[in-house]
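Student: Just the structure for this:
(chains A, B, C and D)
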There are 2 protein chains.
Amino acid sequence: MQSTQDSVKNSAKVTIADVAREAGVSKGLVSFALNDRPGVAVETRARILKIASALGWTPSLRARSLSSKRSFALGLVIARDPEVLGSDPFFTSFIAGVETVLAPEGLALVLSVVPDAETELQTYRTLVTDGRVDGVFLSDLRIDDARITYLAELGLPTVTLGRPDQPSPFPAVSIDDTHGIAESVRHLAGLGHRRIAHVAGSPAMLHGSRRQEAFTGAMRAAGLGDGQVVETDFSIAAGADAARRLLSQPGPPTAIVFASDPMAIAGIGVAHELGVRVPEDVSITGFDDIEFARYLYPALTTVGATPLVWGRAAATTLLGLIRTGSAEDVDLPAARLIVRGSASIPAPH
Amino acid sequence: MQSTQDSVKNSAKVTIADVAREAGVSKGLVSFALNDRPGVAVETRARILKIASALGWTPSLRARSLSSKRSFALGLVIARDPEVLGSDPFFTSFIAGVETVLAPEGLALVLSVVPDAETELQTYRTLVTDGRVDGVFLSDLRIDDARITYLAELGLPTVTLGRPDQPSPFPAVSIDDTHGIAESVRHLAGLGHRRIAHVAGSPAMLHGSRRQEAFTGAMRAAGLGDGQVVETDFSIAAGADAARRLLSQPGPPTAIVFASDPMAIAGIGVAHELGVRVPEDVSITGFDDIEFARYLYPALTTVGATPLVWGRAAATTLLGLIRTGSAEDVDLPAARLIVRGSASIPAPH
DNA sequence: GTTTGGCCCTAAACCGGTTCAGGCATCCGC
DNA sequence: GCGGATGCCTGAACCGGTTTAGGGCCAAAC
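Tutor: Numbering: from 1, shown residues only, chains lettered A, B, ... in the order given. Modelled structure (predicted):
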């Protein structure tokens, strides 16, 4: 091992006591100065700060955690079948957004991926008994979501991604997807489609049921009845099955609104397989605007979500909640329809 | 606020001192008993453990961190443009695999997503000065990767995902992708293809350059020359561009081996757009076997990677390294070709 | 019978911060 | 001139574990 390298390894960690000794003051005063709390003379504070930086002092996160009972980390628990998760690009972008606000604050993100809802609760419990995080993001909201009361009982500061359907003590950071679905339906209706179907997500998931409601609402508003709806679990396989069912029946729809891009992509695949042309024979729209959407053929008409922005807003809100004890709900700009090639005028029958 | 709820919030944390008092022994002995270290009479140990569990004692991660100078967490830093990252399902599956070994051990995963390589190094430094993690996974290995020596200097236990092209002090957990690429080429050659092109990943990335070498190697072995190669940065956009270039030129290839599924999917889109039929006019293979692959039309012939297994193996190895101070390299089973519909016999010219 | 050594255990220091009670000046108002 | 408020600072306790020096006690060795 060479000798030049280890500026880090060899430098015995300089502590607050070293700074105090050097400055000729007590440990306590150094702590006060470093956290700029009142009760320290300005020039003393300046001197302490100067010495601290000269000595290369760095706070010990561990010591600070122990005495202040904070962990300087936020948590995200994702409960999904890994197989399904893999194809959903939401979280990586979301996390990148979260990171943009955490990193400058010196906070870390603790991520858990668990297989099912039960271990998810267990994970939250471990997170708080271990004091691993100061707060969490709650995603994939479900109807009548048990996690909300559970987290409330645990006393864990939480921000929900989306507005729950039940009374919640937590701030919600939401994006309105209703609007995007309605826009999709209007777009298709405007192109002349009458038989429009919806491949919905899971009705147990809040965004699944909301989008489905938005669909039927928009259909009625357009005077097109309720529209045919097939419920799924948001998986690609289920999306493909739903598309197959819809397109194989007599009098198939001329347009299908999918509740997610992955399902829509599977839908396009099924259409091709069945010899149904997109968009000539069936128009297709998606939801999310994942990167693939633009590169398919035909390019997917879809609703643009903004997970990065969402992550940033959620992190900001959660931080505010933790620091001040309360935070306002945040409503992000509604997701908008992005028109590409997968939806067009229906073929004359 | 109701009164029944807060079993957690109200229970004043029981500490090791409480257990000691109850058992009529010293704090130190309790600590010894709980970590089963020698020097405690068997019946005393049993009594202490019994009392600890009766009192509902739970170790304080924070206190333990401070005194033992460990953090009971592992780190993963991902440096990518979030846009590119979003479409790559590798990490979510990988993380799920990691989690299967961390969770039972009571360890957490700290995840950072950073925009570029420079902040990545910075992040590693922060991770160690903060004592945030006990070790890290190093992914997306690059040619002559500066991070390896940097991490070595930081003294941070590391496992590399793949075998570096330079001397490395760290154990490597690798999967041979060479084999899958070679299999793809042989498969295509066996179908009768002569003009086979490769849309490579970034030559600066280890897996990019390895796959490219594997391609040319296999081409030569099949007596088909070097084959045309277009280098990209692994992004979907670059994959689409490459495909466009290849298919628009005079005497286009009859088969294209893509270095990743996302690029292959974009390639299929481009082919459709250009009126080139897949697989009749051009055969296409990918790499990764992302979930989409199976649901496209035609379904993608691709090489199956196993990020979940990889994550599990990497976590096990990193844990071993941290605990014992050394660990062996691990070679995962080679990725195999999965034959689906996107490659077939070339059209007679 | 003393020494040696092992076993079981205690007391106290330690990790590196935060926090709180209180001491000492200095300044104010009356 | 004096009581009280204010500003700056110290010392020590505290967070909840780990670790080490050493003290009895008992059995085996000499």
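Student: residue boundaries of the strands in chain A?
Tutor: A:73-79, A:108-114, A:135-138, A:158-161, A:172-175, A:196-199, A:228-230, A:255-258, A:283-285, A:302-304, A:330-332, A:336-338 (DSSP state E).
Student: The fourth one close to chain B?
Tutor: If I follow you right, that is strand A:158-161. No. Strand A:158-161 lies apart from chain B when judged by CB under 8 Å from any CB of the partner chain; the minimum separation is 14.4 Å. From N, CA and C alone the C-beta is placed, and that goes for glycine too.
Student: contacting residues for A:G131?
Tutor: The contact partners of A:G131, by CB atoms under 8 Å, 6 or more residues apart in numbering or on different chains, come to A:65, A:69, A:71, B:60-62.
Student: Please repeat the previous calculation with a cut-off of 10 Å.
Tutor: Going by CB atoms under 10 Å, 6 or more residues apart in numbering or on different chains, A:G131 touches A:65-66, A:69-71, A:73, B:13, B:58, B:60-63, B:65.
Student: Could you give me the ChimeraX syntax to select whichever of those are buried?
Tutor: To isolate the buried members of the contacts of A:G131 in ChimeraX, using 16 or more other CB atoms under 10 Å in any protein chain shown:
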select /A:65,66,71,73 /B:58,60,61,62,63,65
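Student: For B:L109, state which of the contacts of A:G131 is nearest.
Tutor: Nearest to B:L109 among those, counting by CB to CB, is A:A73 at 11.2 Å.
Student: Name the nearest residue to the closest one, ignoring sequence neighbours.
Tutor: Among residues not flanking A:A73 along the chain, A:A108 sits closest, at 4.4 Å (CB to CB, 6 or more residues apart in numbering or on different chains).
Student: Hmm, the one you found is touching B:L74, no?
Tutor: No. Contact status for A:A108 versus B:L74: not in contact, 12.0 Å apart, counting by CB atoms under 10 Å.
Student: my guess is A:L76 meets A:L138, correct?
Tutor: Yes. With contact defined as CB under 10 Å, A:L76 counts as touching A:L138 (9.0 Å).
Student: if I look at those two, which residues touch both of them?
Tutor: A:161, A:314.
Student: right, is the longest helix that chain A contains up against chain B?
Tutor: Looking across chain A with DSSP state H, the single longest helix is helix A:307-324. Yes. Applying CB under 10 Å from any CB of the partner chain, one finds that helix A:307-324 is in contact with chain B at A:307-308, A:311.
Student: and which of the residues you listed is nearest B:L319?
Tutor: Using CB to CB, those come closest to B:L319 at A:G311, 29.5 Å.
Student: separation between that closest one and A:V98?
Tutor: Distance of A:G311 to A:V98, given as CB to CB, to the nearest Å: 4 Å.
Student: which residues do these two both contact?
Tutor: Common neighbours of A:G311 and A:V98, using CB under 10 Å, 6+ apart, are A:76, A:91, A:109, A:137, B:113.
Student: For the second one, list the residues it contacts.
Tutor: The reference is to A:F91. A:76, A:78, A:80, A:85, A:98, A:111, A:113, A:139-140, A:307, A:311, B:86, B:91-92, B:95.
Student: Am I right that A:F215 is in contact with A:A189?
Tutor: No. Using CB under 10 Å, A:F215 is not in contact with A:A189, being 11.8 Å away.
Student: of the two, who's got more company?
Tutor: A:F215 (25 against 18; other CB atoms under 10 Å in any protein chain shown).
Student: and A:H207, how far is that from DNA strand D?
Tutor: 40 Å (CB to the nearest atom of the strand, to the nearest Å).
Student: Can you give me the neighbour number for that residue?
Tutor: Neighbours of A:H207 under the rule other CB under 10 Å: 23.
Student: Might one say that it is in contact with A:D165?
Tutor: No. The pair A:H207 / A:D165 is not scored as a contact, 11.2 Å apart, by CB under 10 Å.
Student: Spit out the residues that contact those two alike.
Tutor: Listed contacts common to A:H207 and A:D165 are A:141-142; contacts here mean CB under 10 Å, 6+ apart.
Student: Deepest in the core, which of the strands of chain A is it.
Tutor: strand A:255-258 (a mean of 30; mean count of other CB atoms under 10 Å in any protein chain shown).
Student: So which of the contacts of A:G131 sit within helices?
Tutor: Per DSSP H, the subset of those in helices is A:65-66, B:61-63, B:65.
Student: For burial, what's the neighbour tally of A:D116?
Tutor: The burial count for A:D116: 11, using other CB under 10 Å.
Student: dump the residue contacts of it.
Tutor: A:D116 makes contact with A:79-81, A:122 under the criterion CB under 10 Å, 6+ apart.
Student: what does A:L66 give?
Tutor: Counted by CB under 10 Å, 6+ apart, A:L66 has contacts A:60, A:131, B:60-67.
Student: which of these come close to DNA strand C?
Tutor: A:60, B:63, B:66-67 (CB under 7 Å from any atom of the strand).
Student: Go back to the residues you listed and keep what's next to DNA strand D.
Tutor: Among those, DNA strand D is touched by B:63, B:66-67 when using CB under 7 Å from any atom of the strand.
Student: related to what we said a few turns ago, next, format the shared contacts of A:G311 and A:V98 as JSON lines and append distance to A:G225 and pLDDT.
Tutor: Formatted as JSON lines, the shared contacts of A:G311 and A:V98 follow (distance: CB to CB, whole Å; pLDDT from 0 to 100):
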{"residue": "A:L76", "distance to A:G225": "41", "pLDDT": "97"}
{"residue": "A:F91", "distance to A:G225": "36", "pLDDT": "86"}
{"residue": "A:L109", "distance to A:G225": "46", "pLDDT": "98"}
{"residue": "A:F137", "distance to A:G225": "39", "pLDDT": "98"}
{"residue": "B:V113", "distance to A:G225": "45", "pLDDT": "90"}
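Student: quick revisit: can you redo the contacts of A:G131 as TSV with pLDDT and distance to B:T178?
Tutor: Listed next are the contacts of A:G131 as TSV, based on pLDDT from 0 to 100; distance: CB to CB, whole Å:
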residue	pLDDT	distance to B:T178
A:S65	97	45
A:L66	96	49
A:K69	95	51
A:R70	95	48
A:S71	96	43
A:A73	98	39
B:K13	85	54
B:T58	94	48
B:S60	96	48
B:L61	97	43
B:R62	97	46
B:A63	97	49
B:S65	97	42
